[in-house]
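Asks: Give me a 3D structure for the following:
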Amino acid sequence: ALHEPMRRLALLLGAATALLQAPARRTRGLAPCNAVDGEQDGAAWAAALAAEFSAAPRDAADDLRAAAVVRDALETLKAPLERPWDDDVCVLVPSADTRDAFAGWFGLAELEAAADAGEVTEAGRGLLGAGGAWQMGRVGVRGEAVTFADLREVLDAANTCVLNSLDATCARVAALSLAAIDAFGLPVCTNAYATGAGARVSAPPHTDKQRVLVMQCHGAKRWRVWPPPDPSKNPGADPLARGKGTDALPLDGLGEPALDCTLRPGDALYVPAGWPHTTDTLDCATTNEPSIHLTVGVDTHVWGLDAMTLLDAAGARHAFAGA
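Replies: Coordinates of the predicted model:
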């Protein structure tokens, strides 16, 4: 009986893993305010959430209405994402297939509005560390909200502003994360990335621990994406954190990319966890406008909602039972 909790955990993880194998087929969760059923449209979903945003520092009605449009677009995206999700491959979804829902959704004006409202509490400046690994420098003054002038200075220098977990402080992006949770039924976190025009390297080759859905909102950015590198060539490296900190991931060792594309407003890109990718704005911009995109990270690995965690739990149960 002592190992019963571990058995239950293994069963729970097994059920979660089975659901993750077919996200477009699973039953979508209800809105946090308990909407009447799972077939509501975006407008009904936004209305159900209005009370939860009533205490926001500024009126969030427009943000919820905008998020409702994205929520409906995400519903339609589940079909084209089903096979890439199951097969663990990247895929470009053009704006025509996203209903242009992401175009202009979080552009320069929205970024400025968020900063002016004090909703950008932290921001990083992407830097190339030793050997080309990606590192972060601080933007703005420690302990103070990041101003739009702080962000503009980084963009004007053709560098990248990284706004991790912007959904924790910005009502508009928080509404988008709730829309993604409602559409996919999985935990998510949304970051924003703004890069000045003419950046030779916006982000060097690196991997992430989340499955990510990139939504291009403003300007243009080139993406190159590769399948996971052979882990035997660097057995001590974390496959879900390559190219970060002190672990460089050389571009010349990755071979030909699986995808080389330029995202423009309205386009979306799905990248599985552990797939190296790099970005730039060197030649893709037709104007001096910066590139701004939102990245919805689906935290299946972060929360242990994957097959590997199930195997680990089963192994722990086996060892605990003394077998």
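Asks: residue boundaries of the helices in this structure?
Replies: In the chain, helices defined by DSSP state H lie at 4-20, 42-49, 61-87, 108-116, 148-156, 171-184, 307-320, listed in chain order.
Asks: If you count neighbours, what's buried in the second one?
Replies: Within helix 42-49, the residues that count as buried by 16 or more other C-beta atoms under 10 Å are 42, 45-49. Heads up, the C-betas are built off the backbone N, CA and C, glycines and all.
Asks: Could you find the closest non-adjacent residue to Gln135?
Replies: In this structure, Gln135 finds its nearest non-sequential neighbour in Gly129, 4.0 Å apart by C-beta to C-beta, 6 or more residues apart in numbering.
Asks: mind listing what that neighbour touches?
Replies: 135, 245-246, 248 (C-beta atoms under 8 Å, 6 or more residues apart in numbering).
Asks: among those residues, who's most crowded?
Replies: Ala248 (21 neighbours; other C-beta atoms under 10 Å).
Asks: rewinding a little: any chance of CSV for the buried residues of helix 42-49, columns distance to Pro290?
Replies: Shown next, in CSV, are the buried residues of helix 42-49 (distance: C-beta to C-beta, whole Å):
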residue, distance to Pro290
Gly42, 28
Trp45, 31
Ala46, 29
Ala47, 34
Ala48, 35
Leu49, 30
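Asks: in the stretch 151-300 of the chain, what spans have low per-residue confidence?
Replies: 285, 300 (pLDDT under 70).
Asks: could you pull out the strands for it?
Replies: Ranges of strands in the stretch 151-300 of the chain, per DSSP state E, counting those that start in this stretch, are 160-163, 188-195, 203-206, 211-218, 221-225, 259-263, 268-271, 277-280, 291-298.
Asks: possible to save those strands as CSV with mean neighbour count?
Replies: Formatted as CSV, these follow (neighbours: other C-beta atoms under 10 Å):
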stretch, mean neighbour count
strand 160-163, 26
strand 188-195, 24
strand 203-206, 22
strand 211-218, 24
strand 221-225, 23
strand 259-263, 17
strand 268-271, 24
strand 277-280, 23
strand 291-298, 25
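Asks: nearest to Glu82, of these?
Replies: With C-beta to C-beta as the criterion, Glu82 lies closest to strand 268-271 of those, at 10.7 Å.
Asks: partners of the closest one, with directions?
Replies: Sheet pairing here is set by DSSP bridges, and for strand 268-271 it gives strand 91-93 (antiparallel), strand 211-218 (antiparallel).
Asks: CA atoms of that strand as PDB?
Replies: Listed next in PDB are the C-alpha coordinates belonging to strand 268-271 (Å, rounded to 0.1, in the frame of the first residue of the first chain):
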ATOM      1  CA  ALA A 268       2.500  31.100 -37.300                       C
ATOM      2  CA  LEU A 269       5.200  28.600 -36.800                       C
ATOM      3  CA  TYR A 270       5.200  25.500 -34.700                       C
ATOM      4  CA  VAL A 271       8.600  24.200 -33.300                       C
END
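Asks: from the middle of its chain, how far away would that strand be?
Replies: 9 Å (C-alpha atoms, centre = their mean, to the nearest Å).
Asks: Please name the nearest non-neighbouring residue to Asp299.
Replies: Leaving aside its sequence neighbours, Asp299 sits nearest to Pro187 (C-beta to C-beta, 6+ apart; 4.6 Å).
Asks: Same check on Ala145?
Replies: Gly118 (4.4 Å).
Asks: how near is that neighbour to Pro57?
Replies: Distance check for Gly118 against Pro57: by C-beta to C-beta, to the nearest Å, it reads 7 Å.
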